[in-house]
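In: Below: sequence and its predicted model.
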Amino acid sequence: MEDTLGALRSLMASHSPPLAALVVPSEDYHQSEYVSARDKRREFVSGFTGSAGLALITMKEALLWTDGRYFLQAMKELSDQWKLMRIGEDPSVDVWMADNLPREAAIGVDPWCVSIDTAQRWELAFAKKQQKLIQTSQNLVDEVWENRPPLEVSPVIIHPLEFAGRSVTDKLNDLREKLIKQKARGIIITALDEVAWLYNIRGTDVSYCPVVHAFAIVTSNSAFFYVDRRKLSSEVNSYMEENGIEIREYGALSADVTLLASNQLNPLSAIKGAQTEVKSDVEINPRETDFDLIWIDPGSCCYALHSKLDADKVLLQPSPLALAKAIKNPVELEGLKKAHIRDGAAVVQYLAWLDIQMQEIYGASGYFLEGIGVNQKNHMETLKLTEVSASDKLETFRASKEYFRGLSFRTISSVGPNAAIIHYAPHAETCAEFDPDRIYLFDSGAQYLDGTTDITRTVHFGKPSEHEKACYTAVLKGHIALGNARFPNGTNGQALDILARVPLWKDGLDYRHGTGHGIGSYLNVHEGPHMISFRPQAQNVPLQASMIVTDEPGYYEDDNFGIRLENVLVIKEAGTKFNFADKGYLSFEHITWAPYQRKLIELSLLTREEIDWLNGYHSKCREILSPYLNESEKGWLKKATEPVESENSGLLEEDCDMKNILLMW
C-alpha cells in the first residue's frame, strides 16, 4: 500500500499542473454503487472493501471517507497510512479540501468517475481559495495498478417480455413523450440499470447486479446502444434492429456526445440516405425538431460528458427512467411476489437446517428452547460451522428454486461481534465459527428472472440475554410500526423514517443506516430514486403506489452483537375511512415471508396490536410457504409460527397505568 501511495504521489508531482491532491472515488464511469473488479480503484489504493467511500491522497496524507454502515469495517481494514473520516461526524471531503489544501491548489480526479453534482459541489467549495478541480486525461490509479483485473466479455441477454411486462417500444414512447414535455431533443442515459431496464436486457458484467456495461442515447427519432460488440449474439443484434436501436461501440460514446451537442448525431441508416425505422407511436411536431436541450441526470452522468456539452443547452434533471423503473408494472409486481415466496421457502429451509446443525455440532438448545445447551462439540471434532460455510448452504437452498440466477449481493453472514459490522463480508480464511452463545445475523438475497429479493433475520441458538431480547424487541416494534403505516400521497421517505426509530429512541438506542431502499425487478438490489431514510435526499421523491421498498431497522453494539430485521414491502393504495383533502392514502403490503424468532422477543413489551400483527404474519407464512417444504420443514415452520400471547395481554406499563386511572373513575 505504501508503494502504491508513493507511486501515485510521483505521478501527482509530475502532472501538469502538479496536483496537491488526488481524489479516488468508489464509482465507475456510470456512477454505480457496485462496480466490477477492474473498477475497484478506491479499494485497490486503500484496502477498504466496502461499497461506499472516497479516498483522498495528498503529498503527506491519505484519508478515506465512508458512512456509518462501514465505520467498524474501515477501522479494521485501513492501514496506519490512512485516516478514517466519518461521514456525518467529520468535515465533508469538499470542506476538508477547501480548508486544508493550499490556496490555488490543483486537485485531480478522473472526470469519468465523478458525477456532475459532486464535481460542481466541489468547485463551489474550492472557489473561496481559488483552488481548481483538474480533470486528469488518464486515471492515475490505472497507471500504477499492476495486475489490474482484465476486461471480461460477458454476453448481453434479452429479458423476456413475460418477465419485463412492458415492451421496449412502449418504454421508448413514454421516454420520448417526456423529452417533448421538457423541450429536450435527446437524453444521455448512463446508469447501468436504466439502460438494462429501457432496452429489456440483462447481463453479468457486475457481480450480483444483472447489468451490462453500456450507455444509451435516445432522441425524438433515434436510439443508440453503446456496448462492446463482442458481447452481442446474432439474436441480440436482430433484437436491437427490430426495436429501432442502433448499436455503437462502447468507446464511441464520447465522440457521439460531441456530435449530439452540435445536433449532428444521426443513425447510420440516415447517413446512408435510408429511411430510419423507429418504432414509435409518438407524433413529432415540426417545432419539436427545434428543441435544443440535452437531458442528463446530474447524479448519474459523469463530469466528463457534461464537459462536452454547451452548459446553456443542458437540462440537468433526474433521469425520467429512474421513477418509471421504480413504479413496477403489474407483471413485475406479480413476479416479485412469486420470487419472494420461493425465496422465503429457501430461508425457512436454511433456518431449519441451521437449527439441527447447531444442536448436533455444538450441543446448542436450538431455535426454540431458551435453556443453555451442553455448549460442547460432539465427538466429531472435525465438524464445525462457519459464517461462510453456512451462507454457502443458504445459497444452495436458493439455487434449487425456479428462475434462480445468482445472489443479489454478497451474503452478510455474521456471528456475535461481526454482526455489529453493518455490511460485514465474511471470508473463508478469516471468518468466525458459529457460537451458540452469540447472536447470528444474516442479510441475504437472490436474483430470480421474475424478481430480486433481500431479507434479514437475526437469531440465537442458545440463551439470549435480557438486554439482547429487549433490543431485538425494540427493532421488531419499529419494523412493525413502519410496515403498518398509512400515509397520504405526497409523503416522502424521510417523513416515515422516524416510525422505525421511535421504539429504539425510547431506550436511547439508534442505528446509523437508512431504513428502506427500493429494489429492482431482476435488477439492482439497491434502487432509487425513493428511499426511507433520515438523509436529506429521502425528501426528493414521494412514495407512490407500486413502488417497492425495504423495512429494515436495526441496532448494533460494537464488539458485541448486531440486530436487523428486513422485509420487502409493496406500496399500495389504502382503504381509509376518510380522505382528508382528497389526497388519497397509501399503505404497505409485506411480500417477504420468514418467521421472527419467538425466543428473542420480549412479549411483555409488545402491544395487543403488535401481537395480533405478529400472529397474523406468521399464519400467512405457514399458509404461503408450506407447499414449498417437505414434511419435516413444514413441522419446523409450524412450530416457529405458533401463535404467541403476552403475559400481560399486550398491555404495556403505560397502558396499565391508564387502565388503573379509568378504573378509579
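Out: Yep, it's here.

In: Run a quick neighbour tally on Leu64.
Out: Counted with other C-beta atoms under 10 Å, residues neighbouring Leu64 total 25. (Each C-beta comes from the backbone N, C-alpha and C, glycine too.)

In: Was I right to think it contacts Ala74?
Out: Yes - checked against C-beta atoms under 8 Å, the pair Leu64 and Ala74 is within contact range at 6.4 Å.

In: Now the common contact residues for those two.
Out: Common neighbours of Leu64 and Ala74, using C-beta atoms under 8 Å, 6 or more residues apart in numbering, are 48, 53, 84.

In: Export the residues you listed as a markdown table, with columns for distance to Glu152.
Out: Below are the shared contacts of Leu64 and Ala74 laid out as a markdown table (distance: C-beta to C-beta, whole Å):
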| residue | distance to Glu152 |
| --- | --- |
| Phe48 | 24 |
| Gly53 | 24 |
| Leu84 | 32 |
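
In: Next step: those residues restricted to strands.
Out: Leu84 (DSSP state E).

In: buried stuff in stretch 594-605?
Out: By neighbour count on 16 or more other C-beta atoms under 10 Å, the buried set for stretch 594-605 is 594-603, 605.

In: Near Arg9, how many other residues are there?
Out: Residues near Arg9, counting by other C-beta under 10 Å, number 18.

In: From what I see, it and Glu61 are in contact.
Out: No - in this structure, Arg9 is not within contact of Glu61 by C-beta under 8 Å, at 10.7 Å.

In: Check the protein for its longest helix and report it.
Out: Ranked by number of residues, the top helix in the chain under DSSP state H is helix 330-362.

In: That helix: which residues count as buried?
Out: Neighbour-count burial for helix 330-362 flags 331-333, 335-355, 357-359, 361-362 (criterion: 16+ other C-beta under 10 Å).

In: Where does pLDDT dip in this protein?
Out: 1-2, 269-290, 372-381, 647-665 (pLDDT under 70).

In: mind giving me the domain ranges of it?
Out: 4-144, 157-269+288-325, 330-369+385-613 (the TED database).

In: Tabulate the ones you listed (CSV), appending distance to Cys621.
Out: Below are these laid out as CSV (distance: least, C-beta to C-beta, whole Å):
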stretch, distance to Cys621
domain 4-144, 29
domain 157-269+288-325, 26
domain 330-369+385-613, 5
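
In: quick one: the helices in the stretch 551-665 of the chain?
Out: Listed in chain order, the helices found in the stretch 551-665 of the chain under DSSP state H, counting those that start in this stretch are 608-625, 631-640, 653-664.

In: Now that we have those helices, can you turn them into JSON lines and tack on mean neighbour count and distance to Leu569?
Out: What follows is these, written out as JSON lines (neighbours: other C-beta atoms under 10 Å; distance: least, C-beta to C-beta, whole Å):
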{"stretch": "helix 608-625", "mean neighbour count": "17", "distance to Leu569": "12"}
{"stretch": "helix 631-640", "mean neighbour count": "16", "distance to Leu569": "22"}
{"stretch": "helix 653-664", "mean neighbour count": "10", "distance to Leu569": "27"}
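
In: In CSV: the ones you listed, plus distance to Gln31.
Out: What follows is the helices of the stretch 551-665 of the chain, written out as CSV (distance: least, C-beta to C-beta, whole Å):
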stretch, distance to Gln31
helix 608-625, 38
helix 631-640, 42
helix 653-664, 48
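
In: Relative to Cys431, tell me which of these wins on proximity.
Out: With distances scored as C-beta to C-beta, the stretch of these nearest to Cys431 is helix 631-640 (25.9 Å).

In: helices or strands up against the closest one?
Out: Helix 631-640 sits against helix 330-362, helix 608-625, with contacts defined as 3 or more C-beta pairs under 8 Å, 6 or more residues apart in numbering; DSSP states H and E.

In: want to throw those helices into a markdown table with distance to Leu385?
Out: As requested, the helices and strands packed on helix 631-640 are exported to a markdown table (distance: least, C-beta to C-beta, whole Å):
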| stretch | distance to Leu385 |
| --- | --- |
| helix 330-362 | 6 |
| helix 608-625 | 24 |
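
In: Now do the SS call for Ala324.
Out: With DSSP: H, G, I helix; E, B strand; the rest coil as the basis, Ala324 sits in helix.

In: List just the one of the helices of the stretch 551-665 of the chain that sits closest to Arg69.
Out: For Arg69, the closest of the helices of the stretch 551-665 of the chain is helix 608-625, at 27.0 Å, according to C-beta to C-beta.

In: tell me the angle of the closest one relative to helix 330-362?
Out: Per axes from the mean of the first three to the mean of the last three C-alpha atoms, to 10 degrees, the angle that helix 608-625 makes with helix 330-362 is 90 degrees.

In: now the helices: where do they sit in the stretch 401-550 of the chain?
Out: With DSSP H, counting those that start in this stretch, the ranges of helices along the stretch 401-550 of the chain come out as 466-483, 493-505.
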